[in-house]
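**Q** What follows is a predicted structure for the sequence shown.
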Amino acid sequence: MPVPGEYFEARERALLGTRYDVLYAAPCAVRRGVTVNGLRCAPQEFAAAVDFGLEPSPFCDAAFLLTDPQLRPGRHAYHHAGVFYVQEPSASVPAGLLGVRPGERVLDLCAAPGGKTSQLAAALRGEGLLVANEYVAARAGVLKSNLERMGVTNALVLNESTARVAAAFPAFFDKVLVDAPCSGEGMFRKEPEALRQHSAALVAQCAALGASILDDAAAALRPGGLLCYSTCTFAPEEDEAQVGAFLARHPEFTVLPAPTNAGAPGEAARCGAHPFAAEHTRRIYPCHGGEGHFMALLQKRGDGAPPEAEQARPRAARGQRGAKRGRDMRACRPAQGGNGVSRAEARAEGEAFLREYFPGAAQLPLECRGTELFVLPREGCGPAEGLRVVQAGVCAGSAARGRFVPAHHLFMAYGAQCANAERLTLADPRTAAWLRGEAIPAETAAPGWAAVLADGFPLGFGKQSGGVVKNHYPKGLRNLK
Ligand SMILES: C[S@@+](CC[C@H](N)C(=O)[O-])C[C@H]1O[C@@H](n2cnc3c(N)ncnc32)[C@H](O)[C@@H]1O
């Protein structure tokens, strides 16, 4: 660990005594990790198929440590196909504490760039609703792009303040993750910038922001629901003391023992003015093999059932109401989509395209916005009126007069189910050529639009004509260097 500032070292030595040197002494160099996307395959299948070195992660069954320090995992075909996410090893733990199950309503309040969101999406298996919110607009774009790559079909991506999300979705979610913006003490070894910017004032500022985000998370959670709070810092004010103060402000919450053995129990000495069972929380220090994380699992008291009015109606009907509201929020948009194509024409063209190439997705709720067609989650997108929506469901493509131009997102989400496909493998030299943006000779795709798959995992789409698949892989995603 580089020598941290005086404030950090004095604070941590006072709290830890002789343990300071042990806990902050990393056993080895910074380790890099990847987490397998359960929407694509099981961790064992990934480990058996991939052509680079891996070791199991001590933190999460779906995560692995990279053995080759020179590897650039972001250029690998499986990364392009959303088979894995590059994730700092200790960051793979918090999302799993929520025990998300298919069909639930899940909120990730501070989601970009989307590592933990991807884990939540994998746990949902495409059923239920995942609301992924990011406050910083540019980062919300990165979040959207990552969730597209990971093939997430049931996400509503928002670019909002946490207060506005809470106001729109009162007591709505079964599970909420707050991976708070923090002072980043767990980034000191990896990011010299985190060390340079660090100060007592930054810790105080992050603690105050984290407290207000937690209050918003509490409002969005249904009675009986679970809230996971995590940071990548060691500062007491942002960790145990933050949780203690939250419990004091919110007597309707209790802290649960975090269901993980990762790292070590949280520390009573860090609770400050509001002591609680800090040993139920977890903290991962560099000596545990990850850069650093703190996490707590909290439950809102209540009978665990959705509000009565909601309960009376079947879940599918509730979702339909959500979907209808979603349409309402765009009711002010013109019926004419642009390009001289009416919304009805755009819809008809999009539906015909889906029926031909993606008959399964054609059965899902569809929504036309302008000339674009979206495939929505079966349960709709919830009451998102008036919010800044970055993405709702899957963009299928857009209509021009007499033809439908499919979108990359559609093939990343449903490519494995496409009726026409060019099937590649990792070893096939056409895979690398495809990712460089080149046209490739067709072997399995019939003429027309085709999904391009590597070992069955989607790498976007192209158009087969004359025995060649013309490349539609987005320019910004290609392996150009
Ligand atoms: C620790 S990062 C989240 C990392 C993410 N959960 C992941 O695993 O990829 C915290 C996020 O909070 C966002 N943030 C910054 N200011 C915020 C605010 N005022 N309210 C909510 N989120 C904020 C940051 O832009 C950042 O993306």
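**A** Cool, the structure landed. The model shown is predicted, which means the values in this text are computed figures rather than measured ones.
**Q** From here on, just use CA atoms for contacts and neighbour counts.
**A** Fine.
**Q** measure stretch 428-448 end to end?
**A** 22 Å (Cα to Cα, to the nearest Å).
**Q** gap between it and the chain center?
**A** 29 Å (Cα atoms, centre = their mean, to the nearest Å).
**Q** same deal with stretch 230-242?
**A** Using Cα atoms, centre = their mean, the offset of stretch 230-242 from its chain centre is 22 Å.
**Q** which residues of the chain score low on pLDDT?
**A** Low-confidence segments of the chain (pLDDT under 70): 1-4, 26-28, 304-339.
**Q** If we use 80, what do you get?
**A** Counting by pLDDT under 80, the chain contains low-confidence ranges at 1-5, 25-29, 303-340, 401, 481.
**Q** Does anything pack onto the longest strand anywhere in it? Which helices or strands?
**A** Longest strand in the chain by number of residues (criterion: DSSP state E): strand 221-231. Contacts defined by 3 or more Cα pairs under 8 Å, 6 or more residues apart in numbering; DSSP states H and E place strand 221-231 against helix 94-97, strand 173-179, helix 200-220, strand 293-300.
**Q** now these in a markdown table, with distance to Tyr473?
**A** Formatted as a markdown table, the helices and strands packed on strand 221-231 follow (distance: least, Cα to Cα, whole Å):
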| stretch | distance to Tyr473 |
| --- | --- |
| helix 94-97 | 31 |
| strand 173-179 | 32 |
| helix 200-220 | 38 |
| strand 293-300 | 36 |
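**Q** For Trp434, find the nearest of these.
**A** Closest approach to Trp434 among those is made by helix 94-97 (33.6 Å; Cα to Cα).
**Q** Out of the helices and strands packed on strand 221-231, which gets nearest to Thr444?
**A** When the helices and strands packed on strand 221-231 are compared (using Cα to Cα), the closest one is helix 94-97, at 39.1 Å.
**Q** can you list contacts of that closest one?
**A** 116-117, 119-120, 177, 228-230, 258-260, 295, 297 (Cα atoms under 8 Å, 6 or more residues apart in numbering).
**Q** Just the buried positions in it, please.
**A** Going by neighbour count (16 or more other Cα atoms under 10 Å), the buried part of helix 94-97 is 94-97.
**Q** Just the CA trace of it, in PDB.
**A** The C-alpha trace of helix 94-97 is given here as PDB (Å, rounded to 0.1, in the frame of the first residue of the first chain):
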ATOM      1  CA  PRO A  94     -22.200  -6.800  -1.700                       C
ATOM      2  CA  ALA A  95     -24.800  -7.600  -4.500                       C
ATOM      3  CA  GLY A  96     -25.000 -11.200  -3.400                       C
ATOM      4  CA  LEU A  97     -26.000 -10.200   0.200                       C
END
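**Q** The helix or strand just after it: how far from the chain's middle?
**A** Following helix 94-97 in sequence order, the next helix or strand is strand 105-108 (DSSP states H and E). Taking Cα atoms, centre = their mean, one finds the center of strand 105-108 at 10 Å from the center of the full chain.
**Q** strand partners of strand 105-108, parallel vs antiparallel please.
**A** Here strand 105-108 is paired, per DSSP bridges, with strand 129-133 (parallel), strand 173-179 (parallel).
**Q** residues in contact with the shortest one?
**A** Outside strand 129-133, the residues within contact range by Cα under 8 Å, 6+ apart are 103-112, 117, 120-121, 140, 154-160, 162, 377, 379-381.
**Q** near the ligand too, which of those?
**A** The residues of the contacts of strand 129-133 that also fall near the ligand, by Cα under 6 Å from any ligand atom, are 110-112, 162.
**Q** what two of those residues are the furthest from one another?
**A** Largest pairwise distance in those, by Cα to Cα, is 13.4 Å, between Ala112 and Thr162.
**Q** who has more neighbours, those two?
**A** Ala112 (25 against 21; other Cα atoms under 10 Å).
**Q** Assumed that one was part of a helix.
**A** No. Counting by DSSP: H, G, I helix; E, B strand; the rest coil, Ala112 falls outside a helix, being coil.
**Q** Just give the closest residue to it, not the sequence neighbours.
**A** Using Cα to Cα, 6 or more residues apart in numbering and skipping residues adjacent in sequence, the residue nearest Ala112 is Leu143, 4.9 Å away.
**Q** Where does that neighbour sit, in terms of helix or strand?
**A** Counting by DSSP H and E, Leu143 is found in helix 137-149.
**Q** Run through who's touching the helix or strand following that helix.
**A** Downstream of helix 137-149, the next assigned helix or strand under DSSP H and E is strand 155-158. Here strand 155-158 makes contact (Cα under 8 Å, 6+ apart) with 121, 129-134, 140, 143-144, 377, 381, 387-393.
**Q** so which of the helices and strands packed on strand 221-231 comes closest to the ligand?
**A** Ranking these by proximity to the ligand (Cα to the nearest ligand atom) places strand 173-179 first, at 4.9 Å.
**Q** near the ligand, anything from the closest one?
**A** Yes. Using Cα under 6 Å from any ligand atom, strand 173-179 comes into contact with the ligand via Asp179.
**Q** Tell me which other helices or strands whatever helix or strand comes next after that strand touches.
**A** Once strand 173-179 ends, the next helix or strand along the chain (criterion: DSSP H and E) is helix 192-197. Secondary-structure packing of helix 192-197 (3+ Cα pairs under 8 Å, 6+ apart): no helix or strand packs against it.
**Q** quick check: domain ranges of the chain?
**A** By the assignment in automatic domain parsing, the chain contains the domains 89-300, 314-412, 420-477.
**Q** Out of these, which one sits most buried?
**A** domain 89-300 (a mean of 22; mean count of other Cα atoms under 10 Å).
**Q** Ends of that domain, what's the gap?
**A** 29 Å.
**Q** ok so, going back, relative to the ligand, which of the contacts of helix 94-97 is nearest.
**A** Among the contacts of helix 94-97, and counting by Cα to the nearest ligand atom, the member closest to the ligand is Lys116, at 4.1 Å.
**Q** just checking, the closest one touches Ser90?
**A** No. Using Cα atoms under 8 Å, Lys116 is not in contact with Ser90, being 11.3 Å away.
**Q** which SS class is Ala163?
**A** Quick answer, by three-state DSSP: Ala163 is helix.
**Q** From Pro43, how far off is the nearest residue to Pro257 once chain neighbours are set aside?
**A** With sequence-adjacent residues excluded and distances taken as Cα to Cα, 6+ apart, Pro257 is closest to His280, at 4.1 Å. As judged by Cα to Cα, His280 and Pro43 stand 28 Å apart.
**Q** cool, and Ala400?
**A** Distance from Ala400 to Pro43, by Cα to Cα: 41 Å.
**Q** Arg478 too?
**A** 26 Å.
**Q** Same check on Leu16?
**A** In terms of Cα to Cα, Leu16 sits 37 Å off from Pro43.
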